[in-house]
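Trainee: got a sequence here, can you model it:
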Amino acid sequence: MDNRNEILFAVRDAKRNLGEAADFRVADALTILEGIAPFLNKEAIIGMKCKSCDNYAASTFPLSRDFWAVDESEYCHAKDASLKNLTASKLAGCPQYSSQASRDLIALGTAIMEEDLRPAFQERKLYDRSKFASYSVAFRLQSSPGKVCIELGHRTDDGFACSDIKLYIVRRLDPGFGAVASSKIAEATKGGPIIVVQSSLQTRRQLDIDYVLEWIAEKRKMDIVYL
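Mentor: A predicted model of the protein is given here:
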């Protein structure tokens with residue numbers, strides 16, 4: 001079946017099978033869906049729905065705990081299948097869509113950033129080697145299914161300049177961290193979300209932040225992994 005017209009054909013089949021006996025509300029809904037269907041190709045559905053779903057992953061480990069191999073195709077954790085193997089109608093009609101876990105992670109990341117990090121770093125300076133200058137530490141939070149990232153950096157006239165310190169709040173394995181890191185994370189994620197620290201040892205020492213991060217992890221009852 002032509003992927004672009006898959007949903008359109010399904011809607012037209014439904015209208016034909018229901019015929020004149022269809023409830024007027026069902027008929028109206030099918031008419032609306034028939035008008036939308038030509039724009040709902042598989043890529044559009046993934047972009048609008050799957051990529052904001054808690055179950056979505058940009059890639060996955062093809063075998064359980066096979067950290068050395070990564071399948072780069074997009075993946076659904078709920079269906080335990082690559083999106084390339086699922087039809088557009090199955091994706092569009094998926095009842096397992098959820099974004100609650102992502103909202104919970106964003107709330108947790110925001111609380112850590114505002115309640116723990118910002119007060120702890122209020123008097124600290126971040127040295128920018130490219131500018132030969134020290135700056136007050138600023139923060140930026142970014143989210144994707146399965147994790148949020150708190151970036152440390154400083155404000156410039158052009159916006160936010162990120163340093164090499166990134167704190168990830170992770171609730172499941174992510175192949176993007178690599179094989180060695182994933183094996184560390186796998187051991188820690190058994191009890192819920194964890195903190196993953198990605199930074200050079202030199203920058204961590206410069207800011208003297210390890211004890212702050214350990215304090216946050218203890219306060220929040222979270223495991224911490226250093227990459």
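Trainee: domains in this structure, by residue range?
Mentor: If you go by automatic domain parsing, the domain ranges for the chain are 1-40, 49-94, 100-226.
Trainee: how long is the last one end to end?
Mentor: One end of domain 100-226 sits 27 Å from the other (C-alpha to C-alpha, to the nearest Å).
Trainee: could you give me the average pLDDT of it?
Mentor: Summarised as a single mean, pLDDT over domain 100-226 is 88.
Trainee: what pairs with the longest strand belonging to the chain, parallel or antiparallel?
Mentor: Longest strand in the chain, counting residues (DSSP state E): strand 159-170. Note on strand 159-170: by DSSP bridges, its sheet partners are strand 147-156 (antiparallel), strand 194-198 (antiparallel).
Trainee: which parts of it are buried?
Mentor: Buried residues in strand 159-170, counted by 16 or more other C-beta atoms under 10 Å: Ala161, Ser163, Ile165, Lys166, Leu167, Tyr168, Ile169, Val170. Glycine gets a C-beta too; all of them are placed from N, C-alpha and C.
Trainee: which residue ranges of this protein form strands?
Mentor: 56-57, 75-76, 81-82, 125-128, 133-136, 138-144, 147-156, 159-170, 194-198, 224-226.
Trainee: okay, those strands in JSON lines with distance to Leu105 next?
Mentor: Converted to JSON lines, these look like this (distance: least, C-beta to C-beta, whole Å):
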{"stretch": "strand 56-57", "distance to Leu105": "14"}
{"stretch": "strand 75-76", "distance to Leu105": "18"}
{"stretch": "strand 81-82", "distance to Leu105": "23"}
{"stretch": "strand 125-128", "distance to Leu105": "25"}
{"stretch": "strand 133-136", "distance to Leu105": "27"}
{"stretch": "strand 138-144", "distance to Leu105": "7"}
{"stretch": "strand 147-156", "distance to Leu105": "5"}
{"stretch": "strand 159-170", "distance to Leu105": "6"}
{"stretch": "strand 194-198", "distance to Leu105": "11"}
{"stretch": "strand 224-226", "distance to Leu105": "16"}
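Trainee: out of those strands, which is closest to Gln206?
Mentor: Distance to Gln206, taken as C-beta to C-beta, is lowest for strand 125-128 among the strands of the chain, at 6.2 Å.
Trainee: for that closest one, the distance to its chain's centre please.
Mentor: How far strand 125-128 lies from its chain's middle: 29 Å, per C-alpha atoms, centre = their mean, to the nearest Å.
Trainee: got it, and stretch 61-74?
Mentor: Here stretch 61-74 is found 17 Å from its chain centre; the criterion is C-alpha atoms, centre = their mean.
Trainee: what average pLDDT does it get?
Mentor: Here stretch 61-74 scores 87 as its mean pLDDT.
Trainee: show the end-to-end separation of it, please.
Mentor: 11 Å.
Trainee: over to stretch 114-133?
Mentor: 25 Å.
Trainee: buried ones in that stretch?
Mentor: Applying 16+ other C-beta under 10 Å to stretch 114-133 flags Asp116, Leu117, Ala120, Phe121, Leu126 as buried.
Trainee: could you find the closest non-adjacent residue to the fourth one?
Mentor: When you say that, I think you mean Phe121. Residue nearest to Phe121 in three dimensions, not counting chain neighbours: Val137, with 4.3 Å by C-beta to C-beta, 6 or more residues apart in numbering.
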